[in-house]
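*Asks:* no sequence on this one, just coordinates:
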Ligand SMILES: *Cc1c(COP(=O)(O)O)cnc(C)c1O
């Protein structure tokens, strides 16, 4: 048995998140039994997968004596909103660099960022990492200690949280005597998938892990996930454990591009809402579920198989896409 050495983490998320069966969705699709892991309920200002990552990132920031978080994302970034909430909760300042021009409607995650007290900077065509570095320099001049978090919180610390999330899931599966054949979820900056595949190796998950890409082509995302999983294994003292053969990405559902809601996302969001009373999000989980629904319709799974959909959150973005969702 591999024994990871975990770094310190703060307790921010509501864990373990529930594991539920989606009986009505399973029946409507007539395919495998579908389960859902509710990381939309991690609890940090409407929750999501970044809350788990922030438990480790914040612990590291505080250990270094930092007092201001700086991160980057899309205008409706769930990662930025959860970072702003984590900063507020621990009395840190927060600066968010959002890709695009100012003047985006104050709704969804942007509304929450503002309520949570974050400072917002728009890239306006400039490289985001340079803007983050400039904000950090300004903060240092003011005598503050900034802490930079990469896109999606996807570094070894962020990925570590999903190694532990796999431990949590394996304990739930054991308690319920449940065998899952596939884990399916939305994958973008790669931290979630890197952690899940590493956790699958460490905790001996026998099924298949499939990331549905939200924005990258499959080869690009596989390279990102494999590199991050390898770095995370080293970080946790697991030596050169290789998980490259577990990294599987499907890029058939990129649609019209990142954050472009089309008919598949709309159908998936409405189906899950109306059959299960569960909200998906327009950018990530709506797309991943649309992919899962399509795979089921194409007969990718047999009837007796069990598929776990890992709900990574994002519902706070729904109002920003209201005109595309009905
Ligand atoms: C960030 C995010 C993802 C993707 O997670 P990564 O670790 O960046 O791959 C999936 N779903 C939601 C709702 C997210 O906010």
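*Replies:* Thanks, I have it. Not measured: the values here are computed from a predicted model. Residues are numbered from 1 along each chain as shown.
*Asks:* All the helices of the stretch 51-200 of the chain, residue numbers only.
*Replies:* For the stretch 51-200 of the chain, the helices defined by DSSP state H, counting those that start in this stretch occupy 78-89, 108-115, 128-141, 156-175, 191-202.
*Asks:* Make CSV out of those helices and add mean neighbour count, distance to residue 280 and mean pLDDT.
*Replies:* The C-beta positions use only the backbone N, C-alpha and C, and glycine is treated the same way. As requested, these are exported to CSV (neighbours: other CB atoms under 10 Å; distance: least, CB to CB, whole Å; pLDDT from 0 to 100):
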stretch, mean neighbour count, distance to residue 280, mean pLDDT
helix 78-89, 27, 12, 98
helix 108-115, 21, 14, 98
helix 128-141, 15, 27, 98
helix 156-175, 21, 19, 98
helix 191-202, 28, 16, 98
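*Asks:* quick one, what contacts residue 292?
*Replies:* Counting by CB atoms under 8 Å, 6 or more residues apart in numbering, residue 292 makes contact with 34, 184, 212, 307, 309.
*Asks:* one step back: okay if I get the helices of the stretch 51-200 of the chain as JSON lines plus distance to residue 101?
*Replies:* Listed next are these as JSON lines, based on distance: least, CB to CB, whole Å:
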{"stretch": "helix 78-89", "distance to residue 101": "16"}
{"stretch": "helix 108-115", "distance to residue 101": "13"}
{"stretch": "helix 128-141", "distance to residue 101": "13"}
{"stretch": "helix 156-175", "distance to residue 101": "28"}
{"stretch": "helix 191-202", "distance to residue 101": "27"}
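*Asks:* Of these, which is nearest residue 60?
*Replies:* Residue 60 lies closest, by CB to CB, to one member of the helices of the stretch 51-200 of the chain: helix 156-175, at 5.7 Å.
*Asks:* Helix 191-202 and that closest one, what's the angle between them?
*Replies:* 50 degrees (axes from the mean of the first three to the mean of the last three CA atoms, to 10 degrees).
*Asks:* How far away from the center of its chain is helix 156-175?
*Replies:* From the chain centre to the centre of helix 156-175 is a distance of 13 Å (CA atoms, centre = their mean, to the nearest Å).
*Asks:* Tell me if it is near the ligand.
*Replies:* No: residues of helix 156-175 are not located near the ligand by CB under 6 Å from any ligand atom, the shortest gap being 7.0 Å.
*Asks:* Moving C-terminal from the helix or strand encompassing residue 249, which element do we reach first?
*Replies:* Using DSSP states H and E, residue 249 maps to strand 248-250. Downstream of strand 248-250, the first helix or strand assigned by DSSP H and E is helix 263-276.
*Asks:* Briefly note if that following helix comes near the ligand.
*Replies:* No: using CB under 6 Å from any ligand atom, helix 263-276 stays clear of the ligand, coming no nearer than 12.4 Å.
*Asks:* In terms of secondary structure, what does that helix contact?
*Replies:* Here helix 263-276 touches helix 23-29, helix 285-297, helix 322-325, going by 3 or more CB pairs under 8 Å, 6 or more residues apart in numbering; DSSP states H and E.
*Asks:* relative orientation of it and helix 285-297 in degrees?
*Replies:* Using the same axes, to 10 degrees: helix 263-276 against helix 285-297 is 90 degrees.
*Asks:* about what we covered before: of all the contacts of residue 292, which two lie farthest apart?
*Replies:* 34 and 212 (14.2 Å).
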